[in-house]
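Engineer: With the input below, show me the fold.
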Amino acid sequence: MGLIQVVITLIIVGLLVKPMGDYLVKVFNYETTSLDRVFGPGERFFYRLIGVKEKEPMGWKKYVFAMLLTNFVMMILMYIVFRLQKYLPLNPDKIDSMPPALAFNTAASFITNTNWQAYSGESSLSYLSQMIAITFPMFTSAATGFAVAIAFIRGLVARENNLGNFYTDLVRSITRVFLPLSFIVALFLVFQGIPETLYGAAHATTLEGVKQTITRGPVASLESIKHIGTNGGGFFGTNSAHPYENPTPLSNLIEILCMMLLPTALVYAFGAMIKNKRQGWSVFAAMGIMFFVFLSVVFVAEYSGTPALNALGVHGNMEGKEVRFGIGESSLFTAVTTAATTGSVNNMHDSLTPIGGMVPLGEMMLNNVFGGKGVGLLNGLLYVILTVFICGLMVGRTPEFLGKKIESKEVKLASIALLTHPVLILVPTAIALMSPTAISSILNSGYHGVSEVLYAFTSGAANNGSAFAGLTANTNFYNIAIGVVILLGRYISIIAMLGIAGSLATKRMVAATTGTFRTDTPLFTGILVVIILVVGALTFFPALALGPIAEHLGMFH
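Structural biologist: Below you'll find the model as predicted:
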């Protein structure tokens with residue numbers, strides 16, 4: 001039954017890719033649609049309000065500046081709300097303000113679409129904070145990633161240094177994509193039993209006469225954009241394992257579909273926007289192959305269980321999983337949430353088998369198995385450029401991609417983006433494992449403890465936000481260290497990739513010849529997958545060998 005559920009879910013995802021991708025193309029190519037009457041007036045009013053010309057062109061530097069300025073201002077406002085929430089309205093449960101380091105970590109996390117949580121939402125945030133400083137940035141951070149990806153696609157096919165207008169892309173992403181989808185999904189989740197209220201916690205008496213406090217709040221609205229926007233931050237500490245965030249198998253299906261919908265559709269939209277759908281399907285196939293490999297590994301690992309459990313006659317690893325989902329849906333959720341860099345969890349990754357736990361680690365380390373809003377596609381295209389460059393060297397030709405020559409400037413910027421990710425993971429992990437203060441936060445000693453720390457910094461650098469849950473991360477060290485990693489992991493790669501887009505935008509198109517290395521063939525897809533896996537293995541295998549691999553081998557002693 002678990003396998004059947006997984007297959008049905010993936011078939012539904014596949015059926016939604018093309019229609020959603022076609023809609024995204026219309027939105028970001030500014031094509032006229034019947035929905036203009038619905039969204040147009042509000043958008044034009046907002047443009048006038050902030051003094052923006054809707055179609056004013058921006059070069060890559062201006063685009064980057066607008067993106068950084070907008071994100072910085074919002075992050076400061078979020079930090080202020082967290083620090084002052086004790087004195088602000090919509091705080092019926094009288095929750096205290098956040099400490100400085102935790103407020104910094106949370107603001108950095110939610111402005112970057114990471115949504116790493118070193119706190120438990122039901123006990124640490126007021127309703128105002130949950131709505132203004134948590135739910136609203138889920139829209140803007142997802143829209144920022146979308147806007148950057150669209151700008152990069154424009155740069156690939158442009159004839160001048162014009163990547164579009166950041167403010168227009170941001171607004172259209174919110175009004176025409178995220179808001180409508182989130183509204184529909186939120187209503188469905190309320191139908192499934194998820195609360196949506198501004199009343200304070202409910203107080204009840206159990207059958208045994210024990211007093212019980214039941215936390216609630218505006219949960220459904222957060223849950224919808226949490227998954228549509230591949231954000232992942234939970235209203236409750238246990239995230240989508242909590243029955244008020246994910247009460248039924250049907251709500252679980254909807255949340256998985258929401259996580260996969262836009263990342264997969266954006267890859268298809270990429271092919272349509274560059275007018276080469278074969279190229280889009282080539283990249284899609286590479287990502288799909290890696291996703292199926294990772295999904296198969298965690299699925300088999302969790303159903304196989306551990307030697308100790310098997311010796312007791314218990315087959316399959318149900319530790320840390322909800323009975324209403326079972327092993328199959330928990331394994332699928334694990335693979336999807338880290339492939340789409342969402343960070344939402346319906347089971348505790350800390351309780352996965354060692355090889356099962358290596359799957360979310362591996363997906364975040366590669367960070368291009370579909371990925372989150374926009375940035376996943378950017379990372380995938382980063383490896384496409386690297387693959388084109390390597391293949392060009394092998395055949396003795398100047399590498400080309402979509403008719404544009406890949407030269408030293410693009411390769412240098414790609415190298416910066418490529419090397420930043422492992423540096424932000426491995427260096428802080430090494431520092432943490434040398435610090436007595438950081439080590440004291442580890443719940444489990446030995447190999448699993450290494451995995452907990454490695455997972456935390458990998459999640460931050462990949463802007464994923466999920467956690468192994470065995471690490472006490474709410475300390476000054478981890479709040480500041482992971483917060484810095486989150487910010488650098490988000491913006492260095494975005495700036496580098498937009499620099500590549502700006503460089504390619506000004507280059508003239510080169511006509512294809514018989515010697516041109518085609519990048520829209522099954523051969524190129526295979527080469528791309530191999531290069532991604534080889535680079536990932538060379539970079540991260542030593543760290544994985546000290547954590548999940550060593551733990552797996554230790555189970556057989």
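
Engineer: Please count neighbours and contacts with C-alpha atoms only from this point.
Structural biologist: Fine.

Engineer: could you list every residue that touches the residue nearest the centre of the chain?
Structural biologist: Taking C-alpha atoms, centre = their mean, the centroid of the chain lies closest to residue 341, which sits 2.4 Å from it. In this structure, residue 341 makes contact with 230, 231, 364, 367, 371, 372, 376, 462, 463, 464, 465, judged by C-alpha atoms under 8 Å, 6 or more residues apart in numbering.

Engineer: SS state for the last one?
Structural biologist: Taken by DSSP: H, G, I helix; E, B strand; the rest coil, the conformation at residue 465 corresponds to coil.

Engineer: The second one too?
Structural biologist: Secondary structure of residue 231, reduced to three states by three-state DSSP: coil.

Engineer: For it, grab the count of nearby residues.
Structural biologist: Neighbour count of residue 231, defined by other C-alpha atoms under 10 Å: 39.

Engineer: ok, it touching residue 343?
Structural biologist: Yes. With contact defined as C-alpha atoms under 8 Å, residue 231 and residue 343 form a contacting pair (6.7 Å).

Engineer: All the strands of the stretch 201-350 of the chain, residue numbers only.
Structural biologist: Using DSSP state E, counting those that start in this stretch, the strands of the stretch 201-350 of the chain run over 202-205, 211-214.

Engineer: so what does the first one touch, helix or strand wise?
Structural biologist: What it means is strand 202-205. If contacts are counted by 3 or more C-alpha pairs under 8 Å, 6 or more residues apart in numbering; DSSP states H and E, strand 202-205 sits against strand 211-214.

Engineer: Number of residues surrounding the closest residue to the residue nearest to the centre of the chain other than its chain neighbours?
Structural biologist: Closest residue to residue 341 apart from its sequence neighbours, by C-alpha to C-alpha, 6 or more residues apart in numbering: residue 464 at 4.4 Å. By the criterion of other C-alpha under 10 Å, residue 464 has 34 neighbours.

Engineer: can you pull the contacts of residue 464?
Structural biologist: Residue 464 is in contact with 113, 114, 115, 116, 231, 232, 338, 341, 342, 343, 364, counting by C-alpha under 8 Å, 6+ apart.

Engineer: pLDDT weak spots in this structure?
Structural biologist: For the chain, residues meeting the criterion pLDDT under 70 lie at 514-515.

Engineer: ok, longest helix in it?
Structural biologist: For the chain, the longest helix by residue count, based on DSSP state H, is helix 476-505.

Engineer: Please spell out which residues along that helix are buried.
Structural biologist: Within helix 476-505, the residues scored as buried using 16 or more other C-alpha atoms under 10 Å are 476, 478-491, 493-505.

Engineer: For it, name the packing helices and strands.
Structural biologist: Helices and strands touching helix 476-505, as assessed by 3+ C-alpha pairs under 8 Å, 6+ apart, comprise helix 60-84, helix 100-111, helix 136-157, helix 375-395, helix 408-434, helix 436-439, helix 447-461.

Engineer: Which residues does the last one contact?
Structural biologist: Okay, so that is helix 447-461. 114, 116, 350, 361, 364-365, 421, 424-426, 428-429, 432-433, 442-443, 465-471, 482-483, 485-486, 488-490, 543-544, 546-548, 550-551.

Engineer: same deal with the fourth one?
Structural biologist: With C-alpha under 8 Å, 6+ apart as the contact definition, helix 375-395 has outside contacts at 145-146, 148-149, 152, 263, 266-267, 283, 287, 340-341, 367-371, 398-401, 406, 411, 414, 418, 494, 497, 517, 519, 527-528, 531-532.

Engineer: Highest neighbour count among the contacts of residue 341?
Structural biologist: For these, the largest number of neighbours (other C-alpha under 10 Å) sits with residue 231, at 39 neighbours.

Engineer: measure it to residue 219 for me?
Structural biologist: Using C-alpha to C-alpha, to the nearest Å, residue 231 is found at 14 Å from residue 219.

Engineer: cool, residue 230 as well?
Structural biologist: Going from residue 230 to residue 219 by C-alpha to C-alpha gives 16 Å.

Engineer: same thing with residue 44?
Structural biologist: 31 Å.

Engineer: Dump the contacts of residue 341 to a markdown table, plus distance to residue 68.
Structural biologist: Listed next are these as a markdown table, based on distance: C-alpha to C-alpha, whole Å:
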| residue | distance to residue 68 |
| --- | --- |
| 230 | 20 |
| 231 | 19 |
| 364 | 24 |
| 367 | 22 |
| 371 | 21 |
| 372 | 19 |
| 376 | 19 |
| 462 | 18 |
| 463 | 16 |
| 464 | 20 |
| 465 | 21 |
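
Engineer: Looking at those residues, which is nearest residue 275?
Structural biologist: Nearest to residue 275 among the contacts of residue 341: residue 376, at 20.4 Å, using C-alpha to C-alpha.

Engineer: Would you reformat the strands of the stretch 201-350 of the chain as CSV and include distance to residue 356?
Structural biologist: As requested, the strands of the stretch 201-350 of the chain are exported to CSV (distance: least, C-alpha to C-alpha, whole Å):
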stretch, distance to residue 356
strand 202-205, 38
strand 211-214, 33
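
Engineer: I'd like to know which of those lies nearest to residue 165.
Structural biologist: Distance to residue 165, taken as C-alpha to C-alpha, is lowest for strand 211-214 among those, at 45.8 Å.

Engineer: That closest one: how far from the chain's middle?
Structural biologist: Counting by C-alpha atoms, centre = their mean, to the nearest Å, strand 211-214 is centred 34 Å from the centre of its parent chain.

Engineer: and if you look at stretch 81-88?
Structural biologist: Distance of stretch 81-88 from the chain centroid (C-alpha atoms, centre = their mean) equals 28 Å.

Engineer: try stretch 497-505
Structural biologist: The chain centroid and the centroid of stretch 497-505 are separated by 23 Å, computed with C-alpha atoms, centre = their mean.

Engineer: likewise stretch 354-363?
Structural biologist: Centroid separation for stretch 354-363 versus its chain: 16 Å, with C-alpha atoms, centre = their mean.

Engineer: Follow the chain on from the longest helix of the chain and name the next helix or strand.
Structural biologist: Tracing the chain C-terminally past helix 476-505 and defining elements by DSSP states H and E, one meets helix 522-544 next.

Engineer: If you count contacts, what does that following helix end up packed against?
Structural biologist: Going by 3+ C-alpha pairs under 8 Å, 6+ apart, helix 522-544 lies up against helix 277-304, helix 354-366, helix 375-395, helix 408-434.

Engineer: Out of those, which one sits most buried?
Structural biologist: helix 354-366 (a mean of 25; mean count of other C-alpha atoms under 10 Å).

Engineer: which strands and helices sit next to it?
Structural biologist: Going by 3+ C-alpha pairs under 8 Å, 6+ apart, helix 354-366 lies up against helix 277-304, helix 326-339, helix 447-461, helix 522-544, helix 550-554.

Engineer: mind checking how far the third one is from the chain centre?
Structural biologist: Taking the mean of its C-alpha atoms, helix 447-461 sits 17 Å from the chain's own mean (C-alpha atoms, centre = their mean).

Engineer: Kindly report the same for stretch 70-82.
Structural biologist: Relative to its parent chain, stretch 70-82 has a centroid offset of 20 Å by C-alpha atoms, centre = their mean.
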